[in-house]
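In: The sequence isn't on hand, but the structure is:
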């Protein structure tokens, strides 16, 4: 199953101005695995999904399925709106 999202793992990394090495250290995966997942997240494990979700502070549903609820809430908070 191919997951689709508004942003890819690579987009999230670049939007946060992070290198592969920085993400690898934080999510405790090697750079090669992260680069592989940035190209194709079809074979990502549940554990890896959880790691990225926790690291970026977004739900698994948002990152890997594309549900926008968490992102909209975070954007609204960032812009000074009400949650």
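Out: Perfect, I can see it now. Fair warning: this is a prediction, and the values are worked out from it, not measured in the lab.

In: Show me the helices in this structure, by range?
Out: Along the chain, counting by DSSP state H, helices occupy 9-15, 20-27, 31-39, 46-56, 60, 69-78.

In: mind putting those helices in CSV, mean pLDDT included?
Out: Converted to CSV, these look like this (pLDDT from 0 to 100):
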stretch, mean pLDDT
helix 9-15, 92
helix 20-27, 97
helix 31-39, 94
helix 46-56, 95
helix 60, 84
helix 69-78, 65
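
In: any chance of those helices in TSV, plus mean neighbour count?
Out: C-beta here means a position set from N, CA and C on the backbone, and glycine is covered the same way. Shown next, in TSV, are the helices of the chain (neighbours: other Cβ atoms under 10 Å):
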stretch	mean neighbour count
helix 9-15	16
helix 20-27	16
helix 31-39	15
helix 46-56	16
helix 60	17
helix 69-78	13
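
In: which residues does the nearest residue to residue 8 once chain neighbours are set aside contact?
Out: For residue 8, ignoring the flanking residues on the chain, the nearest one in space by Cβ to Cβ, 6 or more residues apart in numbering is residue 38 at 6.6 Å. For residue 38, the contacting residues are 8, 9, 10, 13, by Cβ atoms under 8 Å, 6 or more residues apart in numbering.

In: List just the nearest of those to residue 51.
Out: Nearest to residue 51 among those: residue 9, at 10.9 Å, using Cβ to Cβ.

In: Please look at that closest one and residue 63 and confirm they touch.
Out: Yes. Using Cβ atoms under 8 Å, residue 9 is in contact with residue 63, at 7.4 Å.

In: Identify the contacts common to these two.
Out: With Cβ under 8 Å, 6+ apart, residue 9 and residue 63 have common neighbours residue 52.

In: how near is the residue nearest to residue 8 to residue 45?
Out: 15 Å (Cβ to Cβ, to the nearest Å).

In: Equivalent analysis for residue 20, please.
Out: 18 Å.

In: try residue 55
Out: Using Cβ to Cβ, one obtains 15 Å as the distance from residue 55 to residue 45.
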